[in-house]
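[1] attaching a predicted model along with its sequence, questions to come.
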Amino acid sequence: MIDGSNKILVVNENKYVIAAIIIPFSIAGVLVRIALTRLETYPGSPVFGLVYVQWVGCFIMGIVVINKALLFKWYYPLHAALSTGLCGSITTFSSWQLQIFKEFANYDAHPHTRGKNILAALSVFLVTLAMSWQSLLFGQHVGKLLIKRCNVPEIKVTPRGFTTSYLSRQDYGVILLGLLSWIGVLMAAIFTRTELALACVFAPAGVLLRWILSFYNASFFDNFFMGTFVANIIGTIVLSVIVLLQSGAVTLTVINCDILQALADGFCGCLTTISTFMVELNTLSLLDSYIYGSSSIVIAQCFAFVILGSFVWSQGVDPPTACSSA
């Protein structure tokens with residue numbers, strides 16, 4: 001609705017619509033992440049495949065952040081769909097932390113010394129951080145070029161919470177699309193029983209939990225995004241437990257392995273995010289960004305070391321992979 005006297009676009013923000021629209025975008029995000037990871041993971045690759053995932057997600061996020069008002073002008077849930085749903089599901093904080101731990105612990109038993117383990121872990125940490133930050137800034141530069149070509153009015157957002165009031169036909173259509181997309185991948189998982197379909201089933205659960213946790217970003221500290229922090233830490237803990245089970249801590253069947261991998265790719269991958277993490281670091285002051293960023297990474301690594309490290313170092317650096325033989 002346009003307020004003609006002041007040329008202000010008044011938006012009634014309904015959370016039911018936002019929750020519904022991020023479902024199909026989270027499914028698209030996890031598919032993009034899995035596809036890019038598999039495409040760029042091959043013998044002799046110059047860098048680890050996960051870095052391309054983080055770059056793409058943060059690049060899109062940069063465009064979305066700059067063009068927030070434009071997206072609200074087109075259709076307000078699009079901003080959440082692209083930022084929380086798509087970019088948040090393409091990028092993953094938990095897999096980044098797992099990869100750092102695996103290099104520290106030499107999980108794959110590469111023939112090098114402990115000093116090289118530390119260098120490898122630092123490489124994963126620094127390359128991912130640098131590429132994510134650079135792609136976010138590059139996306140913002142591209143976003144500025146796009147916004148110059150569009151006439152964007154001032155936006156006034158009125159939060160309406162979870163209510164059926166103020167819903168348009170388009171909103172009802174989006175809610176129906178969200179539900180149908182989740183039902184669709186659930187049916188695909190039932191009939192195909194593939195890990196990819198299962199990952200698509202778990203993806204919306206992860207992204208919706210992260211979205212709900214984001215409500216508490218400013219509830220405890222002004223300069224610490226508690227909701228994103230909790231989502232990233234929970235996702236890292238769950239992923240560490242999954243890898244522990246996959247590493248031979250228990251006996252697993254083929255179906256068990258598929259479900260665990262789907263939880264890792266779908267739920268943990270979509271619950272945790274680097275794209276939002278980079279945006280938050282960019283909005284904080286220098287000191288606060290160091291506190292928030294270092295706290296997130298150090299605490300995530302502590303949980304990975306406690307959960308996985310005790311098993312890895314007690315069983316050796318090359319633990320039996322239960323799912324590779326299942």
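    Structure's in. What do you need?
[2] average pLDDT across stretch 21-37?
    Averaged over stretch 21-37, pLDDT sits at 96.
[3] would you mark the buried spots in it?
    The neighbour-count check on stretch 21-37 (16 or more other Cβ atoms under 10 Å) flags 21-34, 36-37 as buried. Yep, even glycine has a C-beta here, placed from its N, CA and C like the rest.
[4] what's the spacing between it and its chain's center?
    10 Å (Cα atoms, centre = their mean, to the nearest Å).
[5] try stretch 93-111
    Worked out by Cα atoms, centre = their mean, stretch 93-111 lies 19 Å from the chain centre.
[6] same deal with stretch 141-151?
    The answer for stretch 141-151 is 26 Å, by Cα atoms, centre = their mean.
[7] which SSE is immediately downstream of the strand or helix carrying Glu13?
    In the assignment (DSSP states H and E), Glu13 maps to strand 8-14. For strand 8-14, the following helix or strand on the C-terminal side (DSSP H and E) is helix 15-40.
[8] show me the shaky parts of the stretch 101-250 of the chain.
    149, 152-153, 249 (pLDDT under 70).
[9] would you list every one of the strands in it?
    154-161 (DSSP state E, counting those that start in this stretch).
[10] avg pLDDT for stretch 70-78?
    Here the average pLDDT along stretch 70-78 is 88.
[11] can you point out the buried residues in it?
    Leu70, Leu71, Phe72, Lys73, Tyr75, Tyr76, Pro77, Leu78.
[12] residues in contact with it?
    Residues outside stretch 70-78 that contact it (Cβ atoms under 8 Å, 6 or more residues apart in numbering) are 9, 11, 13, 17-18, 20-21, 64, 79, 82, 146-147, 150, 152-153, 155, 157, 170-171, 174.
[13] which of these are buried?
    Buried, going by 16+ other Cβ under 10 Å: 9, 11, 13, 17-18, 20-21, 64, 79, 82, 153, 155, 171, 174, out of those.
[14] what count of nearby residues applies to Ser168?
    Close neighbours of Ser168, defined as other Cβ atoms under 10 Å, add up to 12.
[15] err, Tyr166, not the other one
    14.
[16] hmm, which two among the buried residues of stretch 21-37 are most spread apart?
    Greatest spatial distance in these: Ile21 and Thr37, 25.0 Å, computed using Cβ to Cβ.
[17] from Ala264, how far off is the closest residue to Ile307 other than its chain neighbours?
    Once flanking residues are discounted, Ile307 sits nearest to Ser240: 4.0 Å by Cβ to Cβ, 6 or more residues apart in numbering. Noted for Ser240: a distance of 10 Å to Ala264, by Cβ to Cβ, to the nearest Å.
[18] buried sites along stretch 130-137?
    Met131, Ser132, Trp133, Ser135, Leu136.
[19] where do the helices of the stretch 151-300 of the chain begin and end?
    169-192, 195-213, 226-244, 254-262, 269-271, 275-283, 286-304 (DSSP state H, counting those that start in this stretch).
[20] packing partners for the fourth one?
    What that stands for is helix 254-262. helix 195-213 (3 or more Cβ pairs under 8 Å, 6 or more residues apart in numbering; DSSP states H and E).
[21] against which helices or strands is the helix it packs on packed?
    Applying 3+ Cβ pairs under 8 Å, 6+ apart, one finds that helix 195-213 contacts helix 15-40, helix 88-90, helix 169-192, helix 226-244, helix 254-262, helix 269-271.
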